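Chemist: I would like to see how this sequence folds:
(chains A and B)
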Amino acid sequence: MNSYALTDSAAPDRIRKLAAIAQGAALAGFALLVLVLLYMAYLLAAGGDDLDLLLRENLGQGIATVEFTRPARIVGCFFAAIPICVGLYALWCTARLFAGYRRGEIMTETGAQRLSTIGWTVLALGPVSVLSATLAALLVPLVLYSDSLVVSVGFEDTDVFAVVFGLLLVVVGRILSEAARISEEHRSFV
Amino acid sequence: MAIIVTLDVMLARRKMRSKTLAERVGITEQNISLLKSGKVKGIRFDTLDRICQVLECQPADLLVFEPEHAGPVAVD
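Modeler: Here you go, the predicted structure:
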């Protein structure tokens, strides 16, 4: 740690409590997404139509009329899992950020860099979701019919929000990083 | 760094403790300790002014330049 940080005894209780709640929420979200992945794996193993419905909801209109076979379901699950994994990484970084806040690492470069990382991950979620749905719409019919090629690109408003919000977080992280550096420099003066 | 802080010498001459100086100057004893050991990047003029008033001395009594301790200097 190369910046000033509040000692554990100095970090106000209120900040530590808020950070603990936020860390818990991030870890709960992480656990929930892991459950979603496990549920998808279970449905894939069990077979049936429930997985098809889940894949159509997640991968958009491009595969709305597809009749799934097992190989197609595997391909669909792979592409549906990609944005979920990006979300898992974002939530993991968020949990680490708030764990640092609990330790008093608030106005530090490390904390600011973690915030930037979260921002980049959230920003990536938008295009990754679009790309996953596009590739699924391209490859699932190819696996099924092998003589047809469909290209379908769709955007949702949540994809745009992810990009905008992610960019905001990146900018805030950069500002906080610079502020922490300047603050550290001021603290070096008596 | 070539700037050597001789605050401890002046404190000994005035027979004053670091804690007393810190209280009268209005900074923490920890910062006085850091200043004495030269582990700070700089000192504000305001702080230097108050130290000189309390110790009744000149800035030159507190700061000495010794070129043999200087590090490498970037030359354009």
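
Chemist: hang on, B:Ile4 in a helix?
Modeler: No - using DSSP: H, G, I helix; E, B strand; the rest coil, the assignment for B:Ile4 is strand, not a helix.

Chemist: list the contacts of it.
Modeler: Neighbour list for B:Ile4: B:Gly38, B:Leu63, B:Val64, B:Phe65, B:Glu66, B:His69 [criterion: Cβ atoms under 8 Å, 6 or more residues apart in numbering or on different chains]. The way it works is simple: take the backbone N, C-alpha and C, and place the C-beta from them, glycine included.

Chemist: not counting its neighbours along the chain, what's nearest the fourth one?
Modeler: Counting by Cβ to Cβ, 6 or more residues apart in numbering or on different chains, the nearest residue to B:Phe65 once its immediate chain neighbours are dropped is B:Ala2, at 5.5 Å.

Chemist: what about whichever residue of chain A sits closest to chain B, neighbour count?
Modeler: Of all residues in chain A, A:Ser188 sits closest to chain B, at 3.7 Å by Cβ to the nearest Cβ. By other Cβ atoms under 10 Å in any protein chain shown, 13 other residues sit near A:Ser188.

Chemist: chain neighbours aside, what residue packs nearest to it?
Modeler: B:Lys41 (3.7 Å).

Chemist: how many residues are close by that neighbour?
Modeler: Burial measure for B:Lys41: 12 neighbouring residues, criterion other Cβ under 10 Å.

Chemist: can you check A:Thr121 too?
Modeler: Using other Cβ under 10 Å: A:Thr121 sits among 23 other residues.

Chemist: average model confidence for the helix or strand harbouring it?
Modeler: Assigned by DSSP states H and E, A:Thr121 falls within helix A:109-145. Model confidence over helix A:109-145, given as mean pLDDT, is 88.
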